[in-house]
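[1] I'd like to go over a predicted model; first the sequence, then the structure.
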Amino acid sequence: MTPQQSLQKYLRLSIVAVDAINLKIAQDILDDSNALVPVDSGNLQRSGEIYVDNQNKVQVYYTEDYAIYVHEDLSTNHPNGEAKFLEKSINKNKKKLEKAIAAELKRISKIWIMYVMI
């Protein structure tokens, strides 16, 4: 295998690794969000989903029709849970996602530099 072929292999593996990182963080976001979501019947909490499209873009969302109202209504006092549950989860996990992707890019760049120097 030539150095260029090896680099291509590592780049493909890096893309797979970043996709896995995205999915892992999406699950963390959903788990954290479910811990904050106001619970009455539990339907809203159970409606949380993760969707990955054909370009590996990851979405975390709730399927209940009223989810947006519960999420956005800051005036309602929830006995358990709170508004902005998904937004707060995203913000909580944003740095973790950035650090994990940066670490993967750093790892692949070291491999690339190693092959350039050969």
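    Received the coordinates, thanks. Numbering: from 1, shown residues only.
[2] Pretty sure residue 55 sits in a helix.
    No. Counting by DSSP: H, G, I helix; E, B strand; the rest coil, residue 55 is not part of a helix but coil.
[3] Got phi/psi on residue 59?
    phi -130, psi 140 (degrees, to the nearest 10).
[4] And for the one 3 residues further on?
    Dihedral angles phi and psi of residue 62 (degrees, to the nearest 10) take the values phi -120, psi 140.
[5] Verify the stated contact: it with residue 46.
    No. Using Cβ atoms under 8 Å as the test, residue 62 is too far from residue 46 to be in contact (9.3 Å). Using the backbone N, CA and C atoms, a C-beta is placed for each residue, glycine as well.
[6] Looking at the two, which is more packed in?
    Here residue 62 and residue 46 are compared on neighbour count by other Cβ atoms under 10 Å; more neighbours surround residue 62, at 23 against 14.
[7] And that one, how far from residue 93?
    Using Cβ to Cβ, to the nearest Å, we find residue 62 at a distance of 16 Å from residue 93.
[8] Just the buried residues of the helix ranked longest in the chain, please?
    As assigned by DSSP state H, the longest helix anywhere in the chain is helix 3-36. Taking 16 or more other Cβ atoms under 10 Å as the neighbour-count basis, helix 3-36 is seen to contain the buried residues 7, 10, 14, 17-18, 21-22, 25-26, 28-30, 32-34, 36.
[9] helices and strands of the chain: which one bottoms out on pLDDT?
    Least confident element among the helices and strands of the chain, by mean pLDDT, DSSP states H and E: helix 85-116 (a mean of 86).
[10] Can you name every helix or strand that that helix contacts?
    Of the remaining helices and strands, those touching helix 85-116 by 3 or more Cβ pairs under 8 Å, 6 or more residues apart in numbering; DSSP states H and E are helix 3-36, strand 58-62, helix 67-72.
[11] between the ones you listed, which gets nearest to residue 103?
    Of all the helices and strands packed on helix 85-116, it is helix 3-36 that lies closest to residue 103, at 8.9 Å by Cβ to Cβ.
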